[in-house]
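>>> coords please:
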Amino acid sequence: MGNCLVAQSGGPTAVINASLAGVIRANQLNPIYDKVLGGIHGVEGVLAGKLYDLTDIPGDEIEILRQTPSSALGTCRYKLKRGQEEDFQKLVSVMDTNDVDTMFYIGGNDSMDTVDALSEWAAAHGSEKRFIGIPKTVDNDLVPPDHCPGFPSAAKLANLITHATKLDYDAYTRPEVFVLETMGRDAGWLAASCCLTGDVDLVVLPEVAFNKDEFLQLVQKKMDSQGSCYIVVSEGAHYEDGTYISAGESANDGFAHAVLGGAALTLKQMIVDAGIAPRGVVQGLSRAARSSNFAQSKVDVTEAYELGMSAHMRSASPDFTAQVVGVHRGDVNGEYNAEYFAGPASEFANFVKAFPAEWIRPDYAGVTDAALDYFRPLVAGEPDIIYGDDGMPKTVKPYNLR
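Sure thing, here's the model as predicted:
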C-alpha cells in the first residue's frame, strides 16, 4: 500500500494537532497506508530525512494529541521555492527512501503554496507522488473556506480575554486607555471578533487605512463622554501608504513577511502624547491566542479533526492530489453546520481573504450584526478536556523532542 507522510508548518494553533490526530486515526480505522510517518519540523525536517512513525500510537494518546496546543511534530518557516530544483528532488528522494506515496501538509497560506508547488513539480516530472493540504491559521485569511481551523479557538480566547480585561479596566476610576493587540497581518478577522463581547469601543483593522488625527479625535470623544476607551488593534494595522503602525517591520519571518508586534504600544503612546489620557494599559494576545488549549472552541477542534480524516479518506482515490480540504458553512434547521469540501491547491495559495468591508462600521466603531452572526457559531461550546493529576490539561510530549 505504501506509506503516507504528514507534516506541519507555519505558526501553530490550538487545534493544529487535531488535524494530525485525524489523519492518524483515519488510517487506523481504514488503513489506506502501511505507515503514517510524521515529518519533524515541516518540510525543512523532511528534507533532512527526519521522520517519526505515528502509525500505531494508542487511542488515548490520540485523544490527548487532539487537545495539545502548538505543533506536536515541530514546525518551520522554510519556504520551498519554485525553481529550487535541488529541494524538490531531495524531498521526493526522501519519500522514495521511505516508500511514501502521499504527503499531507498542515499549514497556512504559504504551506498551501508548497502543496501547489510540489504538485506542479510532480506533474511536470511525471512523478506519481501526491500532495494534499490541510489548512490552519488563526488569521482566518485563506480563500475559499468559510473559515480555517485555529481561528475559532483564537477568537474564543480573544473574547474571553477582552471581557475579563474590560471588567478589570472598569474597576478603576483613574483616567486611562486600554489597548489590546491581536494577531492578523493582512486581515482583521481576529481583532474584529473581539466585538462579540460588546466591550470594544474602537477597533483598528488592516482593511481600513489608519488615520491618526481622526482616530485621536474619536478616542478623545470616548474619554470625554465616558471617561474610558477600550481599543482593539490588529497587528497589521497600517497607514494609507502601507506603513505599519507598529515598529519592527524591517525583519522578516522566513517567508519575507514583516515581523509585526507593537501596534498597541504605539497607539497607547500616541494617545498619551496627545494629552488625551495620562496613561494607558497594553495587553498583547500574540501567541496566547494560538496556544491556549484550555480555551478551544468545540466547533474548531471537531472540524480540525474531521478535516484530517476527510483528507485521508479522499486520498483513497489515486487521482486525489494537488488538493486542499476545507469547510463551507451549511445550515440544518436554522443551525450552523459544517460542510467539508476539497478544491485545487492553486485556489488556496497566495490569496488573502480580507474581513468584508461591508461588515466594518465607520469611525472605528466596531462591526455589523452580520459579522457577529458569522462569529457566534464558531466560538460555541467547549470540548471535554482530559486533565492530569496536577490539575493541568494533559499534553503529549512533542514528537520533535523524542
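>>> lowest average confidence, helix or strand, in the protein?
Sorted by mean pLDDT, DSSP states H and E, the helices and strands of the chain end with helix 288-291, the least confident at a mean of 86.
>>> C-alpha coordinates for the helix or strand that that helix is followed by, CSV please?
Following helix 288-291 in sequence order, the next helix or strand is helix 298-314 (DSSP states H and E). Provided in CSV are the C-alpha atoms of helix 298-314 (Å, rounded to 0.1, in the frame of the first residue of the first chain):
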residue,chain,number,x,y,z
LYS,A,298,-15.6,22.7,20.4
VAL,A,299,-16.6,23.6,16.8
ASP,A,300,-13.0,24.3,16.0
VAL,A,301,-11.4,21.1,17.4
THR,A,302,-14.1,19.0,15.9
GLU,A,303,-13.7,20.4,12.5
ALA,A,304,-9.9,20.3,12.6
TYR,A,305,-10.0,16.6,13.5
GLU,A,306,-12.6,15.8,10.8
LEU,A,307,-10.7,17.8,8.2
GLY,A,308,-7.7,15.5,8.9
MET,A,309,-9.9,12.5,8.5
SER,A,310,-11.5,13.9,5.3
ALA,A,311,-8.1,14.5,3.7
HIS,A,312,-7.1,10.9,4.5
MET,A,313,-10.4,9.5,3.3
ARG,A,314,-10.3,11.4,0.0
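>>> if you average pLDDT over helix 298-314, what comes out?
For helix 298-314, mean pLDDT is 98.
>>> before we move on, what about stretch 139-152?
Averaged over stretch 139-152, pLDDT sits at 96.
>>> all strands of the chain, in order?
Using DSSP state E, the strands of the chain run over 3-8, 36-39, 51-53, 100-107, 130-135, 177-182, 202-204, 229-234, 280-284, 323-332, 335-344.
>>> got a markdown table for those strands, with mean pLDDT too?
Below are the strands of the chain laid out as a markdown table (pLDDT from 0 to 100):
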| stretch | mean pLDDT |
| --- | --- |
| strand 3-8 | 98 |
| strand 36-39 | 98 |
| strand 51-53 | 98 |
| strand 100-107 | 98 |
| strand 130-135 | 98 |
| strand 177-182 | 97 |
| strand 202-204 | 98 |
| strand 229-234 | 98 |
| strand 280-284 | 95 |
| strand 323-332 | 97 |
| strand 335-344 | 97 |
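>>> so for Ser93, which of the ones you listed sits nearest?
Minimum separation from Ser93 across the strands of the chain (Cβ to Cβ) falls at strand 100-107, 10.7 Å. In short, each C-beta sits where N, CA and C put it, glycine included.
>>> poorly predicted segments of this protein, please.
Applying pLDDT under 70 to the chain flags residues 247-261.
>>> so what's the spatially most central residue of it closest to, chain neighbours aside?
By Cα atoms, centre = their mean, the chain has its centre lying nearest to Thr137, at 1.9 Å. Nearest residue to Thr137 in three dimensions, chain neighbours excluded: Gly108, at 4.1 Å (Cβ to Cβ, 6 or more residues apart in numbering).
>>> next, give phi and psi for the one you found.
phi -100, psi -150 (degrees, to the nearest 10).
>>> that one reaches Pro12, doesn't it?
No. Gly108 is not in contact with Pro12 according to Cβ atoms under 8 Å; the separation is 10.5 Å.
>>> residues contacting the residue nearest to Thr137?
Gly108 is in contact with Ser9, Gly10, Gly11, Pro135, Lys136, Thr137, Asp139, Leu142, Cys148, counting by Cβ atoms under 8 Å, 6 or more residues apart in numbering.
>>> just the closest of those to Asp186, please.
Nearest member of the contacts of Gly108 to Asp186, counting by Cβ to Cβ, is Asp139, at 7.3 Å.
>>> thought that closest one was touching Ala155?
No. Look at Asp139 against Ala155 with Cβ under 8 Å: they stay out of range, at 10.9 Å.
>>> how many other residues sit next to Gly343?
16 (other Cβ atoms under 10 Å).
>>> correct me, but it touches Val324?
Yes. Contact criterion Cβ under 8 Å: Gly343 and Val324 qualify, at 6.2 Å.
>>> for the residue nearest to the centre of the chain, name its beta-bridge partners.
Gly150 (DSSP bridges).
>>> is it in contact with Ser153, as I believe?
No. The pair Thr137 and Ser153 does not pass the contact test of Cβ under 8 Å, sitting 11.6 Å apart.
>>> quick one on the thing from earlier: ok, of the contacts of Gly108, which come out buried?
Ser9, Gly10, Gly11, Pro135, Lys136, Thr137, Asp139, Leu142, Cys148 (16 or more other Cβ atoms under 10 Å).
>>> among those, which one sits closest to Tyr239?
Using Cβ to Cβ, those come closest to Tyr239 at Asp139, 20.3 Å.
>>> what ranges does the stretch 51-200 of the chain have for its helices?
59-67, 85-97, 109-124, 151-170, 189-193 (DSSP state H, counting those that start in this stretch).
>>> so who does the residue lying closest to Gly227 once chain neighbours are set aside touch?
Spatial nearest neighbour of Gly227, excluding adjacent residues (Cβ to Cβ, 6+ apart): Pro175 at 6.2 Å. By Cβ under 8 Å, 6+ apart, Pro175 lies in contact with Met223, Gly227, Ser228, Ala277, Pro278, Arg279.
>>> and if you look at Ala264?
By Cβ under 8 Å, 6+ apart, the contact set of Ala264 is Val179, Leu180, Glu181, Ile231, Val233, Val282, Gln283, Gly284.
>>> the fifth one touches Ala263, doesn't it?
It stands for Val233. Yes. With contact defined as Cβ under 8 Å, Val233 reaches Ala263; the gap is 4.8 Å.
>>> any residues in contact with both of the two?
Common neighbours of Val233 and Ala263 (Cβ under 8 Å, 6+ apart) are Glu181, Val204, Ile245.
>>> quick check on those: which are buried?
Listed as buried from the shared contacts of Val233 and Ala263 are Glu181, Val204, Ile245; burial here means 16+ other Cβ under 10 Å.
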